[in-house]
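Q: Take a look and give me a structure for this.
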Amino acid sequence: MGVFSALTTAVSGMQAQSYALENISGNIANSRTAGFKRVDTTFSDLVPDSALNRQLSGSVAAYSQATNSIQGDLTATRIDTNAAINGDGFFVVDQRQSGLGTNTQFSNSNLYTRRGDFDFDANGYLVNGAGYYLKGLKIDNVTGQLIGTQPEVLRITKEQFPAKATTSIEYRANIPAVPGTTTASNGGSYFLDATSVTVAAPNDVVQGANITNFLSSTIPGGSVTVYDELGRATSVELRWGKVDDGNPAAVPPTSGTWNLFVAQDTGATGTATAYVKAASPVTFGTTGQLVSPAGGNITLPTMTISGTTITGINVTTGGNGVTQNGDVSGQIDARSIRQDGYTAGTLDRTSVSADGQVIGTFSNGQVVALAQLSVARFNADNALKRLDGGAFEETIESGPPIIGLGTSQLIGGNIEQSNTDIADEFSKMIVTQQAYSANTKVITTAQEMLRDVFSIIR
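A: Below is the predicted model of the structure:
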């Protein structure tokens with residue numbers, strides 16, 4: 001006890017302040033490191049066991065205090081594959097063990113990081129700036145369901161997105177009660193010229209020789225591009241011809257019946273087919289609502305247009321998408337004509353959605369979820385073990401990971417910066433320096449006291 005104890009206590013104080021300064025220097029050095037979590041220092045007194053009236057203040061020990069749960073500022077990067085977690089959680093990542101390219105072998109261990117500056121490497125892996133590979137679950141492009149249950153290293157390649165044949169045309173339009181046909185404008189009837197339609201199996205057709213009369217007694221209904229199984233595109237042109245003004249005495253009462261025709265070859269001559277009639281006539285009620293066909297679906301005939309065969313395509317109206325109301329123009333007001341097919345495409349760009357999905361945009365206009373990022377949360381974030389490159393690993397104290405975003409969300413095109421506050425670190429540095437100097441003063445004083453003791457025996 002006494003002077004020698006004062007020396008050892010002062011030395012422990014210097015060691016503790018040196019430890020604190022080491023943490024401060026590391027925090028400042030990583031003030032611009034993406035996803036870095038600063039390390040604070042806490043101090044604990046070490047009190048020797050002694051009688052109640054002989055207790056001492058004791059020496060000191062320094063310990064690290066993690067700040068993993070304190071979020072840093074989010075900064076926009078304009079890189080679509082970058083992502084930041086706004087809230088609690090960590091990206092699940094892995095390390096490369098051996099191999100190169102598509103033969104890369106991974107350690108198959110889950111590590112965790114807040115560093116979200118992920119970008120594609122040459123092999124389609126998403127790697128952050130510290131070399132950690134992002135993990136998640138693949139999504140089936142057809143069903144939209146997750147593939148598997150355990151996170152795996154994500155690899156997204158620029159393979160072709162397969163073509164899809166058109167099966168449905170969504171048609172939304174108003175058909176005028178009185179069509180403004182060329183024949184009607186010349187003082188004739190506005191009904192379809194029945195003589196221009198030839199009865200032939202399996203569908204009634206308009207031959208090339210009758211195309212002039214047919215066009216004069218019908219009105220255009222719009223056109224849409226459709227696709228076959230190989231993604232080959234062809235344009236489908238629609239025309240409508242009114243057959244009658246309905247029957248108010250019918251059950252239910254009607255106010256008009258129309259036939260829908262599809263162009264097969266508008267340049268046809270002689271007996272060659274120019275237009276083909278859909279099998280189902282379209283009938284409207286007295287208030288302009290669609291009465292038949294039931295459900296409002298019209299099946300287009302199987303036909304070959306410009307060398308491309310179209311088959312099995314339904315025109316869907318939703319029951320109320322097509323109406324028959326007065327229109328001074330006498331023309332069809334097509335509000336929407338959309339179809340569900342597309343040609344094959346390649347991956348143009350990827351982005352990260354708020355719920356953690358990797359979204360792929362393809363050259364054929366399709367936007368599809370490709371993968372679901374795995375985000376892990378812990379009951380004790382600050383008990384994770386730190387590794388190089390801003391990564392952490394699970395410990396007994398942190399508890400097992402809870403996979404899922406919870407109340408957090410991902411922000412694509414952003415990264416989380418270091419949570420180090422330079423001003424705060426410099427303030428702590430000044431306090432640490434002064435405390436260190438004070439401990440050296442204790443040692444100097446103790447040395448002088450010992451010198452005085454040695455001088456007694458001279």
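
Q: my read: residue 370 touches residue 359, true?
A: Yes. Counting by Cβ atoms under 8 Å, residue 370 touches residue 359, with 7.0 Å between them. Glycine gets a C-beta too; all of them are placed from N, C-alpha and C.

Q: Common neighbours of the two, please.
A: Shared contacts of residue 370 and residue 359 (Cβ atoms under 8 Å, 6 or more residues apart in numbering): residue 350.

Q: How about the contacts made by residue 277?
A: Counting by Cβ under 8 Å, 6+ apart, residue 277 has contacts 197, 203-206, 259-261, 301.

Q: and it, backbone torsions?
A: phi -90, psi 140 (degrees, to the nearest 10).

Q: Next, count neighbours for the residue nearest to it when sequence neighbours are not counted.
A: Spatially, and ignoring its direct neighbours in sequence, residue 277 is nearest to residue 204 (4.2 Å; Cβ to Cβ, 6 or more residues apart in numbering). Neighbours of residue 204 under the rule other Cβ atoms under 10 Å: 18.

Q: Now do the same for residue 204: its pLDDT.
A: Note on residue 204: pLDDT of 92.

Q: Show the backbone phi and psi for it.
A: Backbone phi and psi, for residue 204 under degrees, to the nearest 10, turn out to be phi -70, psi 140.

Q: now residue 433
A: phi -60, psi -40.

Q: any idea how far it is from residue 275?
A: 92 Å (Cβ to Cβ, to the nearest Å).

Q: And the two? Which one has more around it.
A: A side-by-side neighbour count of residue 433 and residue 275, using other Cβ under 10 Å, places residue 275 first with 29 against 13.

Q: pretty sure the more buried one is touching residue 240, no?
A: No. With contacts defined as Cβ under 8 Å, residue 275 does not count as touching residue 240, sitting 11.3 Å away.

Q: Please identify every residue contacting each of those two.
A: In contact with both residue 275 and residue 240: residue 261, using Cβ under 8 Å, 6+ apart.

Q: Distance from the strand ranked longest in the chain to the middle of the chain?
A: Ordering each strand of the chain by length in residues (DSSP state E) puts strand 233-244 first. Averaging C-alpha positions (Cα atoms, centre = their mean, to the nearest Å) puts strand 233-244 39 Å from its chain's average.

Q: which parts of it are buried?
A: 234, 236-242 (16 or more other Cβ atoms under 10 Å).

Q: Packing partners of whichever helix or strand comes after it?
A: Following strand 233-244 in sequence order, the next helix or strand is strand 254-263 (DSSP states H and E). When contacts are defined as 3 or more Cβ pairs under 8 Å, 6 or more residues apart in numbering; DSSP states H and E, strand 254-263 sits against strand 233-244, strand 273-277, strand 282-285, strand 322-325.

Q: Show me the shaky parts of the stretch 201-350 of the chain.
A: Along the stretch 201-350 of the chain, no part satisfies pLDDT under 70.

Q: show me what contacts residue 44?
A: Taking Cβ under 8 Å, 6+ apart as the test, what residue 44 contacts is 60-63.

Q: of the contacts of residue 277, buried ones?
A: For the contacts of residue 277, buried by 16+ other Cβ under 10 Å: 197, 203-206, 259-261, 301.

Q: List the buried residues in stretch 128-135.
A: Buried residues in stretch 128-135, counted by 16+ other Cβ under 10 Å: 128-130, 132-135.

Q: now do stretch 430-447
A: 432, 435-436, 439, 442-443, 446.

Q: Out of the residues you listed, which two sit at the greatest distance?
A: 432 and 446 (21.5 Å; Cβ to Cβ).

Q: tell me the average confidence for the helix or strand encompassing residue 28?
A: Using DSSP H and E, residue 28 maps to helix 3-29. The pLDDT scores in helix 3-29 average 90.

Q: Dead centre of the protein: give me the residue that sits there.
A: residue 353 (3.3 Å; Cα atoms, centre = their mean).

Q: Would you check how far apart that residue and residue 89 are?
A: For residue 353, the distance to residue 89 - Cβ to Cβ - is 15 Å.

Q: Equivalent analysis for residue 334, please.
A: In this view, residue 334 and residue 89 are 48 Å apart by Cβ to Cβ.

Q: In terms of neighbours, single out the busier of these two.
A: residue 89 (26 against 18).

Q: Hmm, residue 409 and the more buried one touching each other?
A: No. In this structure residue 89 lies outside contact range of residue 409 using Cβ under 8 Å: 9.6 Å.

Q: Name the residues contacting each of those two.
A: Joint contacts of residue 89 and residue 409 (Cβ under 8 Å, 6+ apart) do not exist.

Q: quick one, helices of this structure?
A: In the chain, the segments counted as helices under DSSP state H are 3-29, 182-185, 211-216, 422-456.

Q: Mind putting those into JSON lines with distance to residue 251?
A: As requested, these are exported to JSON lines (distance: least, Cβ to Cβ, whole Å):
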{"stretch": "helix 3-29", "distance to residue 251": "84"}
{"stretch": "helix 182-185", "distance to residue 251": "30"}
{"stretch": "helix 211-216", "distance to residue 251": "32"}
{"stretch": "helix 422-456", "distance to residue 251": "83"}
